[in-house]
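**Q** Below is the sequence, then the predicted model.
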Amino acid sequence: MLKVLPIQTKEEQKALCEACGVEFNADLLAYAAYTDGKFAGISQFKLTDRGGLVYDIAPCKEFEDFEALFVMGRGTLNFIDLAGVHYAIYMGEVKDESLLKAIGFNKTESGRFEINLEGFFTDHCHNHH
């Protein structure tokens, strides 16, 4: 079974960041993804006046599950959208463009990945890829 859960403590967030080889930032919110109880990855992000800033959607070094990362990425964007922030930028190192595109991010001419969340989760006819 796939589970995506908010990380409750900074100690847990730090340990899971280490398991994924990403930099821990105590100022960021975070989700953890699990497949059948096995840790699959972490998402770190924050809400700002510029939009939601997503710093990591990273797999665990020991175990990678594309579907778990996809669901966690969508969950991160849904949280950002529900908080009233309808725009997000991926700020982290791009290791898998196909994952970011599957989640819904669009690559701009400058090479940055961003998404307009206006209607993304509610408008089924919206032209998101």
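**A** Thanks, I have the structure now. Residues are numbered from 1 along each chain as shown.
**Q** dump the residue contacts of residue 32.
**A** Residue 32 makes contacts with 4, 5, 7, 12, 16, 39, 41, 42, 43, 72, as judged by Cβ atoms under 8 Å, 6 or more residues apart in numbering. (Glycine included, C-beta is placed from N, CA and C.)
**Q** One more: residue 89?
**A** Counted by Cβ under 8 Å, 6+ apart, residue 89 has contacts 50, 51, 52, 53, 54, 112, 113, 114.
**Q** Next: residue 83.
**A** Residue 83 neighbours (Cβ under 8 Å, 6+ apart): 47, 52.
**Q** cool, and residue 114?
**A** With Cβ under 8 Å, 6+ apart, residue 114 has these contacts: 51, 87, 88, 89, 90, 105, 106, 108.
**Q** Tell me, what's the model's pLDDT at it?
**A** We note a pLDDT of 97 for residue 114 in this prediction.
**Q** go on, residue 123?
**A** Value for residue 123, per-residue pLDDT: 76.
**Q** Show me what the longest helix along the chain is in contact with.
**A** Across the chain, the helix with the greatest residue count (assigned by DSSP state H) is helix 66-82. Residues outside helix 66-82 that contact it (Cβ under 8 Å, 6+ apart): 2, 4, 29, 31-35, 40-43, 45, 47, 51-52, 54, 57-59, 88, 99-100, 102-104, 115, 117, 120-121.
**Q** what about 7 Å?
**A** 2, 4, 31, 33, 35, 40-41, 43, 45, 47, 52, 54, 57, 59, 88, 99, 102-104, 115, 117, 120-121 (Cβ atoms under 7 Å, 6 or more residues apart in numbering).
**Q** Show me where this structure has its helices.
**A** 10-20, 66-82, 97-103.
**Q** Distance from the last one to the middle of the chain?
**A** This means helix 97-103. 11 Å (Cα atoms, centre = their mean, to the nearest Å).
**Q** now do the same end-to-end measure for stretch 14-25.
**A** End-to-end distance of stretch 14-25 (Cα to Cα, to the nearest Å): 8 Å.
**Q** Rounded mean pLDDT for it, please.
**A** 97.
**Q** That's all I had, so thanks and see you.
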